[in-house]
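**Student:** sharing a model prediction with you, sequence too.
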Amino acid sequence: MIVIGGSTSRDLAKELAMLLECKCILASSTRFPDGECYTRIEGESLNDDVVIVQNTYPDHSIIEMLLLQDAAKRMGARSITLVIPYFGYARQDRIFKPGEPLSAKVMANHLGLVCDRVITIDIHKESVLKNFKCPASDIKASGAIAEYFMDKGIDLVLAPDAGAAERAKDVGTRMGLPYDHLEKTRLSGTEVRIAPAKRGCVNKNVLIVDDIIATGGTILAATIQLKEAGAKSVSVVCTHGVFTGDAIQRLTGGNIDALLCCNTLESKVSNISVASAVAEELKRAKKKKGILRKN
Ligand code: R5P
């Protein structure tokens with residue numbers, strides 16, 4: 001197996017190759033003067049099962065992913081597995097208003113044209129995977145998150161909304177802790193309202209778990225509610241730290257006691273690694289099929 005690291009996921013690709021004890025090639029990716037993407041996988045040929053690790057966020061990373069697949073194919077890759085740590089556009093997984101595109105399906109249809117297998121991590125809605133024509137699986141970061149917080153004195157695990165309730169349940173169960181979820185109403189792209197917490201959190205060390213933090217609006221509103229309800233501390237963790245604008249500064253400058261995310265998107269708080277979970281999934285796929293190819 002050979003792991004190819006795209007520009008969004010070099011550290012994760014290196015860690016993955018180390019765990020799998022295989023070769024890692026970091027693709028060189030630059031921009032032409034007009035902004036178009038140039039990418040290259042160095043070497044003569046890839047006569048092996050190839051794993052490309054690359055996000056589909058931000059937009060220009062999608063082009064790089066498509067180009068890397070073509071380059072790998074031309075270099076003789078026996079099979080191509082895409083590891084997409086953060087699958088952009090997964091949140092537009094249905095038509096909310098007439099005239100909108102089904103963005104998540106568009107992405108799956110195009111990204112899956114050349115590859116043999118897809119692995120995502122905590123994709124916003126797993127149903128998106130049905131749009132891939134090849135085998136696709138989503139792995140969970142809950143194990144890595146629970147392990148990280150195991151010795152941090154947490155008393156209660158909460159999701160900021162019903163959509164993340166299963167995630168809080170998974171993390172809470174792994175940590176042997178109670179879990180629950182808050183009720184969120186989205187008012188706009190940046191504003192949300194969180195109803196007062198029903199579960200008692202007086203003097204508790206609470207861990208909020210979400211899949212994505214983008215503007216930080218959800219987490220800030222949830223933290224305010226929890227502190228008002230008497231929480232002793234509020235730690236926050238998500239899988240994908242998108243952190244638009246100055247979100248990290250806003251989140252770390254006030255009520256939040258700890259802010260962490262996984263290394264699906266690299267930032268100064270992405271200290272929880274999903275590499276072993278991905279490595280296990282790749283080993284499982286290889287064992288099941290003998291090779292990673294779909295046929
Ligand atoms: C929503 O369904 C997601 O799970 C996150 O709660 C949301 O994307 C967070 O966005 P923001 O940080 O902008 O509130």
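**Tutor:** Looks like it arrived, so ask away.
**Student:** for this structure, which residues are neighbours of the ligand?
**Tutor:** 160-161, 163-164, 192, 210-218 (C-beta under 6 Å from any ligand atom). C-beta here means a position set from N, CA and C on the backbone, and glycine is covered the same way.
**Student:** now the stretch 51-200 of the chain against the ligand: closest residue?
**Tutor:** Closest contact between the stretch 51-200 of the chain and the ligand, by C-beta to the nearest ligand atom, is at residue 163 (4.8 Å).
**Student:** now do the SS call for the spatially most central residue of the chain.
**Tutor:** Using C-alpha atoms, centre = their mean, the residue of the chain that lies closest to the mean C-alpha position is residue 86, 3.9 Å off. Secondary structure of residue 86, reduced to three states by DSSP: H, G, I helix; E, B strand; the rest coil: coil.
**Student:** isn't it up against residue 56?
**Tutor:** Yes. Contact criterion C-beta atoms under 8 Å: residue 86 and residue 56 qualify, at 7.4 Å.
**Student:** grab the nearest non-local neighbour of residue 148.
**Tutor:** Nearest-residue entry for residue 148: residue 272, 4.9 Å, with adjacent residues in sequence omitted and distances by C-beta to C-beta, 6 or more residues apart in numbering.
**Student:** my guess is residue 127 contacts residue 102, does it?
**Tutor:** No. Contact criterion C-beta under 8 Å: residue 127 and residue 102 do not qualify, at 11.3 Å.
**Student:** now list whatever residues contact both of the two.
**Tutor:** Counting by C-beta atoms under 8 Å, 6 or more residues apart in numbering, the common neighbours of residue 127 and residue 102 are residue 93.
**Student:** low-confidence ranges in the protein?
**Tutor:** 289-295 (pLDDT under 70).
**Student:** so which residues of it form helices?
**Tutor:** Listed in chain order, the helices of the chain (DSSP state H) span 10-20, 59-74, 103-111, 142-149, 165-175, 217-228, 247-252, 275-289.
**Student:** quick one on the thing from earlier: between residue 127 and residue 102, which one's more packed in?
**Tutor:** Counted by other C-beta atoms under 10 Å, residue 127 and residue 102 do not tie: residue 102 has more neighbours, with 16 against 13.
**Student:** ok, the closest residue to the more buried one other than its chain neighbours - how many residues close by?
**Tutor:** Nearest residue to residue 102 in three dimensions, chain neighbours excluded: residue 95, at 6.3 Å (C-beta to C-beta, 6+ apart). Neighbour count for residue 95, taken as other C-beta under 10 Å: 11.
**Student:** same question for residue 101.
**Tutor:** As a burial measure, the neighbour count of residue 101 was computed by other C-beta under 10 Å and equals 10.
**Student:** tell me which residues touch it, please.
**Tutor:** Under the contact definition (C-beta under 8 Å, 6+ apart), the residues listed for residue 101 are residue 92.
**Student:** what about it, distance to residue 188?
**Tutor:** As for residue 101, its distance to residue 188 is 21 Å (criterion: C-beta to C-beta, to the nearest Å).
**Student:** next one: residue 19
**Tutor:** For residue 19, the distance to residue 188 equals 42 Å [C-beta to C-beta].
**Student:** thought residue 90 was touching residue 126?
**Tutor:** No. Applying C-beta under 8 Å as the test, residue 90 and residue 126 come out as separate, 9.4 Å apart.
**Student:** more neighbours, those two?
**Tutor:** Counting neighbours by other C-beta under 10 Å for residue 90 and for residue 126 shows that residue 90 has the greater number, 27 against 14.
**Student:** so what's that one closest to, chain neighbours aside?
**Tutor:** Counting by C-beta to C-beta, 6+ apart, residue 90 lies nearest to residue 124, which is 3.9 Å off, once chain neighbours are set aside.
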